[in-house]
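**Q** Structure of the sequence below:
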Amino acid sequence: MRTVFIILSSFIYLFFINHHFALAETKETHPSTAENHHESNIKVINQSDYADLLIKTDKSWDGALLPDYSTKEPQITVIRLTIPPKSQLPIHQHPSITVAYLLKGEFTAILEDNSKKIELKAGKVEVEVVNTWHYGINYSDDPAELLIVYIGSKNVPLTINKYNDIQ
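**A** Now for the predicted structure:
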C-alpha cells in the first residue's frame, strides 16, 4: 500500500518537474555528485527549491475522505484523455483512487445527482471521487486534455460505466 503511494508521488513529482518547471542556476555544486558527473557545466540542485506543491490531500474533490489503498496487487496506469469540444463523458465511477491533471482546455466534473461540481482550467489537478457516480463535460469550443493517474490494482477496472451500452 505504501509502495503504491511512493510510486504515485514519484511519478507526479517527476512529471511536473520535467514538463512544467524551468530549472534555474544554483548557488553552488555539491562536490561529491559533481565529481561523479561527466559534464563539468552541470550543477546539482536541491529539488525542493524548484518544486511547487500541486496537491496534497486525503479527500476527493467532493470532500469525501479517500479510501485505504487496496490490499490487492498494485498497478499504476497513466493515460492522456482528450475530450472533444461540446462533449460529455458517460456517468461512471472509479473503484480506486484517481488523480486528474488538466493539461489543456476547460472541464467540468459533476456528481450524478448534480449536488456538487468542480470546474477545472488548464494547470489544475484534482483527486477524483471514488466509487461515486459522476460525469464530465467539456462545454468549451476547444478540446480538453487530461493526464489521468489511476492508483489501482491488477484485474480491477479503471472506470465502470453506469450503463453498459456505452463504450
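**Q** now the strands: where do they sit in this protein?
**A** Ranges of strands within the chain are 74-83, 87-88, 92-93, 97-104, 106-111, 117-121, 125-127, 134-138, 144-153, 160-161, based on DSSP state E.
**Q** Buried residues, the fourth one. List them.
**A** Translated: strand 97-104. Ile97, Thr98, Val99, Ala100, Tyr101, Leu102, Leu103 (16 or more other CB atoms under 10 Å). For every residue, glycine as well, the C-beta is placed using N, CA and C.
**Q** packing partners for it?
**A** Counting contacts by 3 or more CB pairs under 8 Å, 6 or more residues apart in numbering; DSSP states H and E, strand 97-104 packs against strand 117-121, strand 125-127, strand 144-153.
**Q** Give me the contacts around the shortest one.
**A** Think strand 125-127. 54-55, 57, 59-61, 66, 97-102, 109, 118, 120 (CB atoms under 8 Å, 6 or more residues apart in numbering).
**Q** Return the set of buried residues in stretch 67-83.
**A** By neighbour count with 16+ other CB under 10 Å, stretch 67-83 contains the buried residues Tyr69, Ser70, Pro74, Gln75, Ile83.
**Q** Show me the shaky parts of the chain.
**A** 1-38, 165-167 (pLDDT under 70).
**Q** Reformat the strands of the chain as TSV; add distance to Ile42.
**A** Listed next are these as TSV, based on distance: least, CB to CB, whole Å:
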stretch	distance to Ile42
strand 74-83	28
strand 87-88	45
strand 92-93	46
strand 97-104	29
strand 106-111	38
strand 117-121	35
strand 125-127	30
strand 134-138	42
strand 144-153	28
strand 160-161	47
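**Q** coming back round to it: between the helices and strands packed on strand 97-104, which gets nearest to His92?
**A** strand 144-153 (12.2 Å; CB to CB).
**Q** That closest one pairs with which strands, and in what direction?
**A** For strand 144-153, the pairing partners within the sheet under DSSP bridges are strand 74-83 (antiparallel), strand 97-104 (antiparallel).
**Q** As CSV, those with distance to Ser40 would be great.
**A** As requested, the strands paired with strand 144-153 are exported to CSV (distance: least, CB to CB, whole Å):
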stretch, distance to Ser40
strand 74-83, 35
strand 97-104, 36
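**Q** Turn the helices and strands packed on strand 97-104 into JSON lines, columns for distance to Ile91 and mean neighbour count.
**A** Below are the helices and strands packed on strand 97-104 laid out as JSON lines (distance: least, CB to CB, whole Å; neighbours: other CB atoms under 10 Å):
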{"stretch": "strand 117-121", "distance to Ile91": "14", "mean neighbour count": "15"}
{"stretch": "strand 125-127", "distance to Ile91": "18", "mean neighbour count": "19"}
{"stretch": "strand 144-153", "distance to Ile91": "17", "mean neighbour count": "20"}
